[in-house]
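Asker: coordinates for the following, if possible.
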Amino acid sequence: MGFMPTPAANTDGRAGYVLVMGVSGAGKSTIGRALAVRTGGSFIEADDLHPAENIRRMSEREPLTDADRWPWLKAISESALAEMKESGGPVIIACSALKRSYRDVLRQALSPLSIVHLSGPVDLIRARLEERPTHFMPIELLDSQIETLEAPDEHEGVSFSIEDSEAHIVAGALQAIGLPHRGVREA
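Answerer: Below you'll find the predicted structure:
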């Protein structure tokens, strides 16, 4: 990999936070849940923390603004902190976190925070979105998300292609971020 992402464990061995990020349809929830299972950690689905107004706007194909996202990011941070206090971690968060400034908000509240970025061909992401027509995030907003995305560089996180298998991504993420985990499972 050639770089050293922020490890998700403190030097005293306590687990930290892992942000699984990317555009809608990248597989954040799938990979996040798998990481939680493999580490014995907790999983937070950031989509569940959107205020009703945000969900309404996205459902009506209206992109969110930064002002719409700040309270949501605060709610994510508060939820993750509460989960860490209750469970001891690690806490895995599936969240788009498209801009560096959004990740900075999370990073300031949640330490240590490791970032796993999922990316891939737009056609594959569109196909995935077409398979989930009942989700509040419509396929029509994918282009807006792609335009907004500020992909993390090698100093901010680790990136994986969604063309790889779930097992490969999870194993690579566990190795890259240094979280203790249960035995290797291949799909």
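Asker: most centrally placed residue in this protein?
Answerer: By C-alpha atoms, centre = their mean, the chain has its centre lying nearest to residue 20, at 2.3 Å.
Asker: and that one, what does it touch?
Answerer: Residue 20 is in contact with 28, 31-32, 35, 92-95, 116, 118, 173, counting by C-beta atoms under 8 Å, 6 or more residues apart in numbering. All C-beta atoms are positioned from the backbone trio N, CA, C, and that covers glycine.
Asker: ok, then the element right after the lengthiest strand in the chain?
Answerer: Across the chain, the longest stretch assigned as strand under DSSP state E is strand 113-119. Sequence order places helix 122-130 as the next helix or strand after strand 113-119, per DSSP states H and E.
Asker: so what does that next one touch, helix or strand wise?
Answerer: helix 142-148 (3 or more C-beta pairs under 8 Å, 6 or more residues apart in numbering; DSSP states H and E).
Asker: averaged pLDDT, the helix it packs on. What do you get?
Answerer: Here helix 142-148 scores 84 as its mean pLDDT.
Asker: immediately after it, which helix or strand?
Answerer: Per DSSP H and E, the first helix or strand lying C-terminal to helix 142-148 is strand 158-161.
Asker: strand partners (parallel or antiparallel) of that following strand?
Answerer: Sheet pairing of strand 158-161 (DSSP bridges) gives strand 113-119 (parallel).
Asker: got the angle for the partner strand vs helix 122-130?
Answerer: 100 degrees (axes from the mean of the first three to the mean of the last three C-alpha atoms, to 10 degrees).
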